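S.K.: Sequence first, then the predicted structure, then my questions.
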Amino acid sequence: MAEKYDCIPDVDIDTGRFKYILIRVHPHGQQEALKYLVRGYQWAAFHGDIYDEVSPELSKLGLVCECVGGGRIIHVPEQKKVHVFGYSQGYGRADHAKTCDLLKKKFPAYTDITWSDEGY
């Protein structure tokens, strides 16, 4: 089962300002999360649009996923900067600290990865 998780990137985000969601992934029949994913795209008008795009791909791998919140991200690669903030009206506020931990692993050379509960 571990190989199914290894092929899924923890973070997949665009650049600029966009909505994002935090997804908990686990095998069928098990409730404990084995992996969290951050997904954020500029094309998404709603947080649910992202989940609707991602969840079928995870299901094909035999995995169960659940959106555990959302927010917004400002990603400026030229400045090595990411700021996470806000919430999703449909899914609630994501654990931005957990999101930032995943972003720090994805972008170890970035010098400014921050979060705030402020804003929408």
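M.R.: That came through, no problem.

S.K.: Counting by contacts, list what the helix or strand hosting His75 packs against.
M.R.: In the assignment (DSSP states H and E), His75 maps to strand 63-76. With contacts taken as 3 or more C-beta pairs under 8 Å, 6 or more residues apart in numbering; DSSP states H and E, strand 63-76 sits against strand 16-27, strand 35-41, helix 47-60, strand 81-85. Where C-beta positions appear, they are placed from N, C-alpha and C, glycine not excepted.

S.K.: The shortest one relative to strand 16-27, how many degrees between them?
M.R.: It stands for strand 81-85. On the basis of axes from the mean of the first three to the mean of the last three C-alpha atoms, to 10 degrees, strand 81-85 is oriented at 70 degrees to strand 16-27.

S.K.: for the third one, same thing?
M.R.: Computed with the same axes, to 10 degrees, the direction of helix 47-60 lies at 40 degrees from that of strand 16-27.

S.K.: Centre of the chain to helix 47-60, how far?
M.R.: 12 Å (C-alpha atoms, centre = their mean, to the nearest Å).

S.K.: Identify all contacting residues around that helix.
M.R.: 8, 19-21, 23, 25, 37, 39-41, 43-44, 64-65, 67, 70, 88-91 (C-beta atoms under 8 Å, 6 or more residues apart in numbering).
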